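> Build me a structure from this.
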Amino acid sequence: MLMEDGLSVVHLFAKQTPNLDREAVLAAVKTAEGADCQVITAAMLGHKCDVAFMALCADWRTLRTLQTGLADAGLDIVDSYVSITEVSEYAKGMPEEMLRARLTPTIPPEGLNAFCFYPMSKKREAAANWFATPYDRRQEMMMEHGKSGRNFAGKVAQVISGSTGLDDFEWGVTLFAKSPDVIKDVVYTMRFDEGSALYGEFGAFYVGYLEELDNIL
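Numbering: from 1, shown residues only. As a prediction, the model looks like this:
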């Protein structure tokens, strides 16, 4: 179950239970990291969950072992998302090192500790069907979208992972930001871009901050 290129990504959102075995949770993460898996953890705000795990690895088996280990350790996994890293069709012409960074990102980016995850898709409605729109027009809208995002350079970093055929939406968006208000600002600003305003559909948002697992449990 190895990726031919790029990495598999799983987001696991969990609540603590009375049966939580803290040492077993830590051991599950260390085992994954020992199998060439990047794992980051975030303390979450709101009722949806207590802790988020984002794991990147080339092998689905490693991710599945991590998921099982966390559940066996007494965490109740209340939501999840499965995706893979990818290079967008609209990224043609970018330097090779930038394309490679999208396929094999290193997380988390230094100094950007506010965390947000949400899934999204593009609409297929009669009056707004992204997939029936000519490529050149779609590319134009994506260039506008990218320009809006560059206004937040240094304050936000993102990992966009593809999930068509893998989960309920088409992309998973993970944001790392300098502060919580920056997350709100960037999402609000980019929703006015035509590609989002007319064609965007969004799932549930999960927000929190990056933290060592020792300090979350």
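
> beta partners of K15?
Bridge pairing for K15 (DSSP bridges) gives the partners D76.

> Does it touch A71 like I think?
No. Contact criterion C-beta atoms under 8 Å: K15 and A71 do not qualify, at 11.6 Å. C-beta: built from backbone N, CA, C; applies to glycine.

> which of the residues in the helix or strand of the chain with the lowest mean pLDDT are buried?
Every helix and strand in the chain was compared by mean pLDDT, DSSP states H and E; the lowest is helix 96-103, with a mean of 81. Using 16 or more other C-beta atoms under 10 Å as the test for burial, helix 96-103 gives R102.

> One more: stretch 12-19?
By 16+ other C-beta under 10 Å, the buried positions in stretch 12-19 come out as L12, F13, A14, K15, Q16.

> for these, which one is nearest D36?
L12 (18.2 Å; C-beta to C-beta).

> ok, the closest one - contacts?
Contact analysis of L12 by C-beta atoms under 8 Å, 6 or more residues apart in numbering lists A52, F53, A55, L66, Q67, L70, I77, S80.

> Buried ones from those, can you make that a ChimeraX selection?
The buried residues among those can be selected in ChimeraX (16+ other C-beta under 10 Å) with this line:
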select :52,53,55,66,67,70
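
> Just the contacts of L12: which are in helices?
The members of the contacts of L12 that map onto helices under DSSP state H are L66, Q67, L70.

> okay, which residue is most central for this structure?
Centrality entry for the chain: nearest residue to the mean C-alpha point is T174, 3.3 Å, by C-alpha atoms, centre = their mean.

> Is it correct that I77 is in contact with T68?
No. Using C-beta under 8 Å, I77 makes no contact with T68, being 10.0 Å away.

> if we can go back for a sec, is it possible to get TSV of the buried residues of stretch 12-19 that adds pLDDT and distance to T41?
Conversion of these to TSV gives the following (pLDDT from 0 to 100; distance: C-beta to C-beta, whole Å):
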residue	pLDDT	distance to T41
L12	98	10
F13	98	11
A14	98	10
K15	98	14
Q16	96	13
